[in-house]
Every structure is written in structure tokens, then in C-alpha cells.
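J.: What would the 3D arrangement of this be:
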Amino acid sequence: MVDERAQFEPEPWGEDAGLVDALGAQGAAGFRALLEGFPDQVGLLWAKRDGAGRIVDFTFGYGNPAMVRSFRIPAATPERYTLLEALPAMRDSKVFGQYVAVCATGAPLVGEVTYDTPFGDGYMLGTFLHRVAKLGDGVVVFLHDITDERRMEAELQAYANVVAHDLSQPLAGISMLVTMLEQRPEEPPPPGVLRELRASTDRGRALIEGVLAYARSGELTRAPVALDDVMADVANDLRAAIEASGAELVVGDLPEVGGDAAQLRRVLQNLVENALKFSGEGPARIEVRAHRREQEWVVTVEDNGPGMTGEELGMVFQPFYTNKAQGVGLGMPIVKRLVELHGGEVRIDSGSGRGTTVSVDLPRYPFAGTGASR
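T.: Numbering: from 1, shown residues only. Coordinates of the predicted model:
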């Protein structure tokens, strides 16, 4: 997948007269040189005052490359807009009042702000640690992108809630069964009670292992990976389940790709396990193949199972969603996360009664522009 925002290379903004007034020509040049390669977004805003000297708006001064690139800000922005013209939502807002206070008192501002809004001819998107300090008759704004951190925190909170809920059920069952056994210490445990105890402990262990696998799916290395070798390991690991179900696993020629062998093994194993698990009444036939497309390989895992409804397709990548009693609903979210970490995409083609095909895009190895690939 291509990040269009990352490909935007704006023209640098012109000279900033306000910065020269505040620091002198040499100081202004040093200030800009310091921030040209700075990874955080940095911008200067100069106070615009009315006849009574009150700050009614801010004009744009210097913006470093990280700022103009991240928000896709054209070079003409300082001539076209003031701050409130470019960002009308800030008018009469708490943040605007805080900028005015920083400029008036010199007391710095530290907080957190989330944007998803047009910004003049650009666009501001993300959650940022927001620092503002006084500089001359204006303010310097530092934005540190914490979008991913906040997203991960929200995911972890959601996972914690689900895990706490799902673990409470097997633990309650275990507690009840243990109480029953304690009441009859002289009698051997009935087989049915032992089966229920085993099922409850297996459910709890599977949930814990699934959450750990999801948490570790962010660990990635990159090297040449022969998918045919990886798939041979997967087939060997699943041999007992395949033979027990009477399934047929057909594997075509698979390419060499760039990625993490252990994580790609997890991707293929999850996809084949899913095909086995949801095979329906008849024996499963699972085909694993690959074809080349431009600068990537597309690996497909196709089954002849009952397929999925539209509602199931919409939920399949949601953590902990499962339409079967077995499993904890983390297989496909792990697949999606790992494939995206490899720079690829997962697509599912399915319908009730016509099986399911999962397509996974993976980068070629060597990578584009570095020579021929297998």
C-alpha cells in the first residue's frame, strides 16, 4: 500500500520577516537550519492585533519541512490565509485563547490535541503532543505525533476489557466444578466434570496465547524468505489436523519474498487453520498459490467451505470476533497486522455457499529497483 501523504513533497516556505525581526538575520538563519531536519512539526505564528492592541488572529511565519509535509501545506499558505482563515474551527476556541495567553504572558503551553480537519489548502490529521512557547510577538508551536501511541492504547484497553470478560467465564466454570469436587472428596471425579474442567482451562490458555501472539506481531525483521519452505513447515505442523479432517491441501509454486520468515509462517498457518476450521460438512480442499503483480507477489489461500456472509466479512478483522465456539477471534487480525507491517494488504473474496479466497500482497525480493526477483 502506498502512503500518499508520505509522497507529498511541498515547496519550502519563503523568508520569514517576523523571524528576522525577532532574532536578526543571522539568528533567523540559524533557527531555520536547526529545524530543517527536525522530525517533529514546528511552526511560527505572529500576532495580528487590532487598533486597541488586542490579538485577534495570527499570521503564518516559518514552517519546517516536517510541518508542511505532514499537513500537505502549499507554499502559498502564508500569503493566502491567517490562522483563523485556514482553521476556522479554532475561532473562539480554548486553544486560540491559550495561544493568545502564551503570547501575552510568556507562560508556555503543553497539552494534547487531535486534528481531523482541512487546514487552508492542506489537511491536519492525527493526535499530537502540543507545545507552545513565546517568540517575539508571536508563538512557536511544536507538534509531536502520538497518533499510533494513542491508537495502541485504545486497542490495549479494548483488548483488556474483552480478555477480562472472556476469562471470567472459564474461571467461573472452573471455580464451580472445583466446588462440586470439594463437596465429594471421597468420590472419584465424574468424567463429564473432568472434560468440562479441561475445556475451561484450554479456553483460558488459548485466549492468553492469542493475546500474546497479537502483542508480539509487531516484532518484524526483513530478509529473503522462500515461501515454499515456509509452507512446507506449515503443512508439516498441520499434518495431523489435515489428515484427521480428511482435507486436501494443494500447494503451488511459491516465490521468494522480502519479509520475516517466522511472521509469514504465522500468516500462512493462520489462513490454512481457518480454512480447516470453517470447512463445513464435506472434506475441505485448500489451495495455496501465488502470482506476480507489478512489484509484489499475491499469495492466495482458497477453500471450498461454506463461505461468509456480508456481516461476517465486515467483522472478520475485528479482534476477538468469531462465529465458532472454538478459537478466540485473533487469527485474522494477526494476519492483517503482519501483512500490513510487510507493506502489503489482505483482501477476502467470499460469499455464502461459494467458499473463501484470501489474497495477501507481499513485497518481492530483491525489492523494486534492486535487481531481478525469483
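J.: Could you find the closest non-adjacent residue to Q263?
T.: Spatial nearest neighbour of Q263, chain neighbours left out: L338 (4.9 Å); criterion: Cβ to Cβ, 6 or more residues apart in numbering. (Glycine included, C-beta is placed from N, CA and C.)
J.: neighbours around that neighbour, how many?
T.: Neighbourhood size, L338 [other Cβ atoms under 10 Å]: 25.
J.: so where's the stretch 101-250 of the chain uncertain?
T.: Along the stretch 101-250 of the chain, the model assigns pLDDT under 70 to residues 155-170, 203, 206-220.
J.: could you redo the last one with a cut-off of 90?
T.: Counting by pLDDT under 90, the low-confidence segments of the stretch 101-250 of the chain come to 115, 147-224, 236-247.
J.: any idea where the helices of it begin and end?
T.: Per DSSP state H, counting those that start in this stretch, the stretch 101-250 of the chain carries helices over the ranges 147-183, 191-216, 227-237, 239-245.
J.: before we move on, the earlier item: where's the residue nearest to Q263 relative to P224, distance?
T.: Remark: distance between L338 and P224 (Cβ to Cβ, to the nearest Å) = 17 Å.
J.: before we move on, what about G61?
T.: Distance from G61 to P224, by Cβ to Cβ: 48 Å.
J.: same check, this time on G344
T.: Taking Cβ to Cβ, one finds G344 at 16 Å from P224.
J.: neighbour-wise, which of the two wins?
T.: Neighbours were tallied for G344 and for P224 using other Cβ under 10 Å; the higher tally belongs to G344 (22 against 13).
J.: Run me through the strand neighbours of the lengthiest strand in the chain, direction for each.
T.: Criterion DSSP state E: the longest strand present in the chain is strand 122-134. Looking at strand 122-134 with DSSP bridges, its partner strands are strand 109-119 (antiparallel), strand 138-145 (antiparallel).
J.: List the neighbours of it that are in contact with it.
T.: Defining contact as Cβ atoms under 8 Å, 6 or more residues apart in numbering, one finds that strand 122-134 is touched by 41, 68, 70-74, 77, 87, 98-99, 102-103, 105-106, 108-118, 139-147, 150.
J.: Pretty sure A107 is one of the things Q98 touches, is it not?
T.: No: between Q98 and A107 there is no contact under Cβ atoms under 8 Å: 9.7 Å.
J.: Looking at the two, which one has more neighbours?
T.: Neighbours per residue (other Cβ under 10 Å) separate Q98 from A107, with Q98 holding more: 16 against 11.
J.: I'd like the distance from that one to P108, if you could.
T.: 10 Å.
J.: same deal with R150?
T.: R150 is 22 Å from P108, by Cβ to Cβ.
J.: between those two, which one's more packed in?
T.: Taking neighbours as other Cβ under 10 Å, R150 and P108 compare with R150 leading, 15 against 12.
J.: how far away is that one from P191?
T.: Counting by Cβ to Cβ - R150 and P191 are separated by 50 Å.
J.: quick revisit: now restrict the contacts of strand 122-134 to buried residues only.
T.: With burial judged by 16 or more other Cβ atoms under 10 Å, the buried subset of those is 41, 68, 70-73, 77, 87, 98-99, 102-103, 109, 115, 139-143, 145-146.
J.: Just give me the neighbour total for the closest residue to G63 other than its chain neighbours.
T.: Distances taken as Cβ to Cβ, 6+ apart put G43 closest to G63, at 4.4 Å, once the chain neighbours are dropped. Per other Cβ under 10 Å, the neighbour tally for G43 reads 23.
J.: tell me the domain ranges of this structure?
T.: 4-145, 147-216, 222-374 (automatic domain parsing).
J.: Please put the alpha-carbon coordinates of stretch 106-119 into PDB.
T.: Below are the C-alpha coordinates for stretch 106-119, written out as PDB (Å, rounded to 0.1, in the frame of the first residue of the first chain):
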ATOM      1  CA  GLY A 106       5.300  34.200  28.000                       C
ATOM      2  CA  ALA A 107       4.000  31.200  30.000                       C
ATOM      3  CA  PRO A 108       4.400  28.000  27.900                       C
ATOM      4  CA  LEU A 109       1.600  25.700  27.000                       C
ATOM      5  CA  VAL A 110       1.900  21.900  27.000                       C
ATOM      6  CA  GLY A 111      -1.100  19.700  26.100                       C
ATOM      7  CA  GLU A 112      -2.600  17.200  23.600                       C
ATOM      8  CA  VAL A 113      -4.600  18.000  20.600                       C
ATOM      9  CA  THR A 114      -6.400  15.900  17.900                       C
ATOM     10  CA  TYR A 115      -7.000  17.200  14.300                       C
ATOM     11  CA  ASP A 116      -9.000  15.800  11.500                       C
ATOM     12  CA  THR A 117      -9.900  18.900   9.600                       C
ATOM     13  CA  PRO A 118      -9.000  21.000   6.500                       C
ATOM     14  CA  PHE A 119      -6.200  23.400   7.100                       C
END
